[in-house]
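1. Sequence and predicted structure below; questions after.
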Amino acid sequence: MATDPQPAIAIRGVTKRFLSTLALDGVDLTIGRGEIHALVGENGAGKSTLIKILAGIYPLDDGKIVLDGRSLNPHLEPVPIAFVHQDLGLVDDLSIGENVALVAGFPRRGGLISWKDVWQQTERIYASMAIDPPDPRAPVGSLSAAGKAILGIVRALSRDARIVVLDEPTASLPGPDALHLFEVLRGLRASGTSILYVSHRLNELFGLVDHVTVLRDGRNVSSSPIEGLTTETIVRDMLGRDLQLDHVATARAREAVPLLTVENLCAGNQGPLSFTVGKGEIVGLVGLRGAGHEVIGRAIFGAHPHSAGTIRLASEIIPVDQPISARIAKGIALLAGNRLSESTLGGMSVRENLFPNVRAVSGALLRPIDTGAELKAVRDQLERFDVRPRNAAALIDWLSGGNQQKIFVGRWLATGAKLFIMEEPTAGVDIGAKGIIHRTLRTIADDGAAVLVVSSDFEEVVALCDRALVMGRGRITSELTGSTLTLEGLLTRSSMAGGQSERVH
């Protein structure tokens, strides 16, 4: 914990406006030397805007930033701050080693890049953080979402920065990888590095951070040491009210009529595996990184080939070669886990992102769009999901990650799907938005849809799902339901996955 009386960075009265929207209103924030300082708040509270001001992306309209006792303007001059953003900024077409070298530098010999040293540099940086290095020659596109998140952290921390800003660093990380990261952060703190830690996973703050600052609607609400705080007090400051936990599903076994039936499915190196998801049921498909659960939902949707097995929607067999468009027409929806590259229509409005398929508002492909009906439907969805700002014409890029996610969930609801496959549905989403999404999924299940949640967030699975299927080494190794569907049960069985299958009630 910081003991030096002079802070590493002091933010005083920072204000930022976008047209008529006041994104930051006189925000103050002080980070001590050798301190891990958490910045929390709902999506749209102003966290991302503040980070982009520190990164020099946005100029501040008022206020000042003092670093090491000197006032500076990140928009006009370089600052010794390293950033890991939610959108990691990785180049998929380059290798892992080249992506690291874009920040750490390309080692040279005789004026030319030494590729041997590039690969060794990458392995050395990974190893210094107690993380098993991947093949540095492999393309970034070959990594899973969790692997990319780890690479983004490794790359940013390769810089000699006195302050590190981490924006949702564990959003797509399974537990063991998150623990590795926490060890790295504690080591950085001990060496005198200051860390601004932005996260919606409030439970991970305890035992890690020293201080917590809460933003709400672009203003400071509270700032205090972590000692004496609880999850409930932080949530109350974030929301301005006590959290209503009526969205938490009671873990109950259902004798539901199967809507999705998977038999002996093989996709890539995963399988064979068999399971069902019933009408009115929410089932979690969970596992640690590399367990294989990420592939299965995409195989059902048609985004990943499967080499064997049968997929049935109700009584109808889905042909192996059936295209995605036909599966959507049959009532299958997939909310992709990579929000930025697979869901966002950048440069387009909220309205266009919500209804990219003209059938949703016209009823047929060649029928003219009923713009009045479309606008009403957009307004209804913005109200239903409490999207901020509530502006159909706003660019999707202006919205925070959580508000974007609400739009993408609403997009699939508008299709009237029967089967919803949700990949990490609330990754990087604040606790208020998470409650809205959870309640929505429970509502559509209660209305007769089937929901398959593909996730590495065990807490979410416990809170939301009726059953959980644990995967390891490409197969389902455990099924938990009823009183056995607990965080401890998921952690234990995921860690032991790979043995004989078991069903636990």
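-> Here it is on my side, so go on.

2. Can you tell me the closest non-neighbouring residue to R201?
-> T170 (6.2 Å; Cβ to Cβ, 6 or more residues apart in numbering). In short, each C-beta sits where N, CA and C put it, glycine included.

3. Just give me the neighbour total for the one you found.
-> 24 (other Cβ atoms under 10 Å).

4. Would you check that it makes contact with H200?
-> No - contact between T170 and H200 fails when scored by Cβ atoms under 8 Å: they sit 9.6 Å apart.

5. on that earlier part again, the residue nearest to R201: what secondary structure?
-> coil (DSSP: H, G, I helix; E, B strand; the rest coil).

6. how close does it get to T486?
-> Separation of T170 from T486 (Cβ to Cβ, to the nearest Å): 21 Å.

7. Next one, pLDDT for the closest residue to F18 other than its chain neighbours please.
-> Nearest non-adjacent residue to F18, counting by Cβ to Cβ, 6+ apart: W398, 6.9 Å away. Predicted confidence (pLDDT) for W398: 85.

8. distance of W398 from L88?
-> Remark: distance between W398 and L88 (Cβ to Cβ) = 20 Å.

9. Those two: which is more packed in?
-> Between W398 and L88, counting by other Cβ under 10 Å, L88 is the more crowded of the two (20 against 17).

10. show me the contacts for that one.
-> By Cβ atoms under 8 Å, 6 or more residues apart in numbering, L88 lies in contact with 148-149, 151-152.

11. mind running it again at 6 Å?
-> Counting by Cβ atoms under 6 Å, 6 or more residues apart in numbering, L88 touches 148, 152.

12. What of the one 3 residues further on?
-> Listed by Cβ under 6 Å, 6+ apart, the contact set of V91 reads N99.

13. can you rerun that using 10 Å?
-> V91 sits next to 98-99, 102, 139-141 when contact means Cβ atoms under 10 Å, 6 or more residues apart in numbering.

14. Per-residue confidence, it, what does it come out as?
-> V91 is assigned a predicted lDDT (pLDDT) of 91.

15. A helix includes it, no?
-> No - counting by three-state DSSP, V91 is not found in a helix; it is coil.

16. which residues touch the one helix or strand Q121 maps to?
-> Using DSSP states H and E, Q121 maps to helix 115-128. If you take Cβ under 10 Å, 6+ apart as the criterion, helix 115-128 is touched by 95-101, 103-109, 114, 131-137, 150-151, 154-155, 157-158, 184, 187.

17. Recalculate using a threshold of 6 Å.
-> 97, 100-101, 107, 133, 136, 154, 158.

18. which of these lies closest to V164?
-> S158 (11.0 Å; Cβ to Cβ).

19. Torsion angles phi and psi at that closest one?
-> Here is the backbone geometry of S158 (degrees, to the nearest 10): phi -70, psi -10.

20. what about stretch 464-479, start to end distance?
-> With Cα to Cα, to the nearest Å as the measure, stretch 464-479 spans 15 Å from end to end.

21. Same question for stretch 74-87.
-> Stretch 74-87 has an end-to-end distance of 20 Å (Cα to Cα).

22. Please identify the buried residues of that stretch?
-> 74-75, 79, 81-86 (16 or more other Cβ atoms under 10 Å).

23. Now secondary structure, distance to L205 and pLDDT too, for these, in JSON lines please.
-> JSON lines is the format used below for these (DSSP: H, G, I helix; E, B strand; the rest coil; distance: Cβ to Cβ, whole Å; pLDDT from 0 to 100):
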{"residue": "P74", "secondary structure": "coil", "distance to L205": "26", "pLDDT": "92"}
{"residue": "H75", "secondary structure": "coil", "distance to L205": "30", "pLDDT": "92"}
{"residue": "V79", "secondary structure": "coil", "distance to L205": "25", "pLDDT": "87"}
{"residue": "I81", "secondary structure": "strand", "distance to L205": "21", "pLDDT": "90"}
{"residue": "A82", "secondary structure": "strand", "distance to L205": "21", "pLDDT": "87"}
{"residue": "F83", "secondary structure": "strand", "distance to L205": "20", "pLDDT": "88"}
{"residue": "V84", "secondary structure": "strand", "distance to L205": "17", "pLDDT": "83"}
{"residue": "H85", "secondary structure": "coil", "distance to L205": "20", "pLDDT": "77"}
{"residue": "Q86", "secondary structure": "coil", "distance to L205": "18", "pLDDT": "68"}
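
24. As a quick check, tell me the outermost residue of this protein.
-> G110 (43.0 Å; Cα atoms, centre = their mean).

25. Without its sequence neighbours, what residue ends up closest to I332?
-> L419 (4.9 Å).

26. what sits against the one you found?
-> So L419 contacts 260, 332, 450 (Cβ under 6 Å, 6+ apart).

27. The first one falls within a strand, correct?
-> Yes - counting by three-state DSSP, one finds L260 located in a strand.

28. Tell me the bridge partners for it.
-> Counting by DSSP bridges, L260 forms beta bridges with V277, L313.

29. Pull the distance from stretch 183-192 to the chain's centre.
-> 24 Å (Cα atoms, centre = their mean, to the nearest Å).

30. One more: stretch 7-15?
-> 28 Å.

31. Restricting to C-alpha, output that stretch in CSV.
-> Only the C-alpha atoms of stretch 7-15 are listed here, as CSV (Å, rounded to 0.1, in the frame of the first residue of the first chain):
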residue,chain,number,x,y,z
PRO,A,7,0.8,11.0,-5.1
ALA,A,8,1.8,9.4,-8.4
ILE,A,9,-1.0,11.2,-10.2
ALA,A,10,-3.7,13.7,-9.1
ILE,A,11,-6.7,14.4,-11.3
ARG,A,12,-8.5,17.5,-10.3
GLY,A,13,-11.9,18.8,-11.6
VAL,A,14,-11.7,17.0,-14.9
THR,A,15,-14.7,17.8,-17.1
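
32. any idea how far T492 is from the closest residue to I282 other than its chain neighbours?
-> Nearest non-adjacent residue to I282, counting by Cβ to Cβ, 6+ apart: V451, 4.3 Å away. From V451 across to T492, the span is 25 Å (Cβ to Cβ).
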